[in-house]
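1. Got a predicted structure plus its sequence, pasted below:
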There are 2 protein chains.
Amino acid sequence: MSDLRKDPIVGRWVIIATDRAKRPQDFARLETLKTTGFCPFCRGSEANTPHEILAYREPHTSANGPGWRVRVVPNKFPALQVEGALNKRGDGIYDLMNGVGAHEVIIECPHHESSMSRLTVDNVREVLWVYRDRLVDLKRDPRLVHGLIFKNVGALAGASLEHSHSQLIVTPVVPISVWEEMTGSLEFYNYRGRCIYCDMIQQELATGSRIVLDTPNFVVFCPFASRFPFETWVLPKQHSSHYENIPRQGIEEMGTVLKTVLSKLELALDDPPYNYIIHTAPFDTKEIPHYHWHLEIIPRLTRIAGFEWGSGFYINPVLPEQAGAFLREVEVDVGTGGTY
Amino acid sequence: MSDLRKDPIVGRWVIIATDRAKRPQDFARLETLKTTGFCPFCRGSEANTPHEILAYREPHTSANGPGWRVRVVPNKFPALQVEGALNKRGDGIYDLMNGVGAHEVIIECPHHESSMSRLTVDNVREVLWVYRDRLVDLKRDPRLVHGLIFKNVGALAGASLEHSHSQLIVTPVVPISVWEEMTGSLEFYNYRGRCIYCDMIQQELATGSRIVLDTPNFVVFCPFASRFPFETWVLPKQHSSHYENIPRQGIEEMGTVLKTVLSKLELALDDPPYNYIIHTAPFDTKEIPHYHWHLEIIPRLTRIAGFEWGSGFYINPVLPEQAGAFLREVEVDVGTGGTY
């Protein structure tokens, strides 16, 4: 089992997952993306993944066989595992606990497709709905406090398989970046009495220059202090702190929005490697007034070097207003569901 | 001139440096490392860099000509510039200021050498001393509050030129990561009355399992909560918060230590891409009891993916104790100055 260890200075947790490695030498080089040959995520290869946790299937088909549209399985090389006790303990000035949690893979389609933007809108909607289903299920476990849904596309963004998929890592501690967002937004709320994200949405819509997409219930923009060129955020206009509370009709619209934005980014930037991450409040609160869930998309066009690691400062060579205008003007057709 | 923009939620600053770019399309792909042909950092190419700020030279040689051993020049594509006023201002809920600061390149040797570990110990010492000289000079500017010295080696670590060099970025605000270290260590000091880094050194020396090198005045270890495989920290045993206060004899010993550690990492990991960063207190305080300067070396063996971006959580597949033992046992000979 892996360890969770805490940096005693800044309070950042780290997963030491040695089950993923054999010898130090094995880490001397970065993994590359497997793009040819056998794909364990394709329809018909179900026996090559761990047993499925959940799948949306055609009637009269069986678990771990074909007939699914979206399928969730445990990660074959999990960073965290559901079994066991946390056993929180100290070691002199250090703190650690067992690597209890969940690490799941969401296989987004049964056919071999590398880009989520080429899935049908209905398929994207089912992926968004399965995210919700997994969070609702996992938050019942009292040992677990936060669920992070993310997607890695392309080797430079950390993907090791090409077939369109995303991941869910559920942790027994609140990740430091989530904690910082919760604390920062609470501070604003205490001072102003409003959600900082709601204020940001208002200002972005009024300014207009960074807006990529404006639909009845969602807004997409390149944030004012973008860390990365073409960094793009998707926010629901209606205040809500927890992604898993999204209503069915929100998913309907968000499916179209997400497919549209990913299509725009791929067309504008020639299929860049990217990550997206759903930022959502920890499990241990009900709806809260100061935090606002959202999805952040990060194209991986620049390298992270010593300056960024040492300072938390980022150097972005593209004006967010220029990125916003560029993406706003890219025309795409996402098929069923309209393009907004 | 570039903008400094603040993320209103977590307080992170970003440099929007559009002078470095022409069109959005120019950022569609990562830069690669230039390893062949003309090198602007070599002896004889002095006219191809901006005018030198400082150089350690042989007697009777002139600025911007040959005869130097270590040379400091402004970055040709600076993220920040010394000229101009900060002009701090608001834009609705956002805060920004002009990109005032310094961005310098330290060219570490006149001959074409890609690895600092192959420089002589005396050469490494002069590099460490020039870091100190530049910090001492720049901290006299009241607009500037922090100096970050860092090194990028290899394309995967963000280097764009092969010739051994490091960089210095001086900012008019305290970078968020520095702020977090200052705050975290102050909290420990307020509670325990001791420097957390001094405590850590004591525990590491007592435990021994993560120690890479132990010399009279320095200790090198793989930290308990290492984010990256083979992450390695170099700390002075004597408490000191500001790197620029290092005495001449500290530099003497640190030169040998740094050359030894980099040689070990390169031998153990087959010349990995890496970054190192000097973590030091902001300019606006004198020596403080709670912070302890140090140098962090990060081999870039794993990719940063969506999980890390979204959570600030890191997954490290190598036990720090295993990395420490591995590096401790690698034997290297660093020539003049002894190997400790």
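-> Nice, I can see it.
2. Just give the nearest non-adjacent residue to the residue with the largest distance to the centre of chain A, would you?
-> For chain A, the residue at maximal distance from the C-alpha centroid (CA atoms, centre = their mean) is residue A:92, at 35.1 Å. Spatial nearest neighbour of residue A:92, chain neighbours left out: residue B:203 (4.6 Å); criterion: CB to CB, 6 or more residues apart in numbering or on different chains. Yep, even glycine has a C-beta here, placed from its N, CA and C like the rest.
3. Check the gap between the one you found and residue A:82 for me.
-> As judged by CB to CB, to the nearest Å, residue B:203 and residue A:82 stand 32 Å apart.
4. Then residue A:217?
-> Computed as CB to CB, the residue A:217 to residue A:82 distance reads 34 Å.
5. on that earlier part again, now do the residue farthest from the centre of chain A, the pLDDT please.
-> Note on residue A:92: pLDDT of 95.
6. got it, and residue A:154?
-> 94.
7. For burial, what's the neighbour tally of it?
-> Neighbours of residue A:154 under the rule other CB atoms under 10 Å in any protein chain shown: 17.
8. what sits against it?
-> Each residue near residue A:154 by CB atoms under 8 Å, 6 or more residues apart in numbering or on different chains is listed here: A:33, A:271-274, A:300.
9. Check the gap between the residue lying closest to residue A:273 once chain neighbours are set aside and residue A:88 for me.
-> Distances taken as CB to CB, 6+ apart put residue A:154 closest to residue A:273, at 2.9 Å, once the chain neighbours are dropped. Residue A:154 is 37 Å from residue A:88, where distance means CB to CB.
10. got the phi/psi numbers for residue A:297?
-> When read as degrees, to the nearest 10, the backbone of residue A:297 gives phi -110, psi 130.
11. Let me know the pLDDT of the residue nearest to residue A:139 when sequence neighbours are not counted.
-> Nearest non-adjacent residue to residue A:139, counting by CB to CB, 6+ apart: residue A:283, 4.0 Å away. What the model reports for residue A:283 is a pLDDT of 97.
12. Tell me which helix or strand comes right after the longest helix seen in chain A.
-> Assignment by DSSP state H gives helix A:248-269 as the longest helix of chain A. Next in sequence after helix A:248-269, counting helices and strands by DSSP states H and E, comes strand A:274-279.
13. just the helices in chain A please.
-> Taking DSSP H, the helices of chain A run over residues A:121-138, A:176-192, A:196-207, A:248-269, A:306-311, A:320-329.
14. Tell me who's in contact with residue A:280.
-> With CB under 8 Å, 6+ apart, residue A:280 has these contacts: A:135, A:147, A:149, A:241-244, A:293.
15. Let me know the closest of these to residue B:39.
-> residue A:149 (45.4 Å; CB to CB).
16. Show me what the closest residue to the closest one other than its chain neighbours is bridged to.
-> Once flanking residues are discounted, residue A:149 sits nearest to residue A:278: 4.3 Å by CB to CB, 6+ apart. Note on residue A:278: beta-bridge partners residue A:149, residue A:295, judged by DSSP bridges.
17. I'd guessed residue A:278 sits against residue A:254; true?
-> No: counting by CB atoms under 8 Å, residue A:278 stays clear of residue A:254, with 10.7 Å between them.
18. so who does residue A:111 touch?
-> Per CB under 8 Å, 6+ apart, neighbours of residue A:111: A:42-43.
19. ok, and what's touching stretch A:43-63?
-> Applying CB under 8 Å, 6+ apart, the contact partners of stretch A:43-63 are A:38-41, A:64-76, A:104-105, A:107, A:110-111, A:126, A:129-130, A:133-134, A:137.
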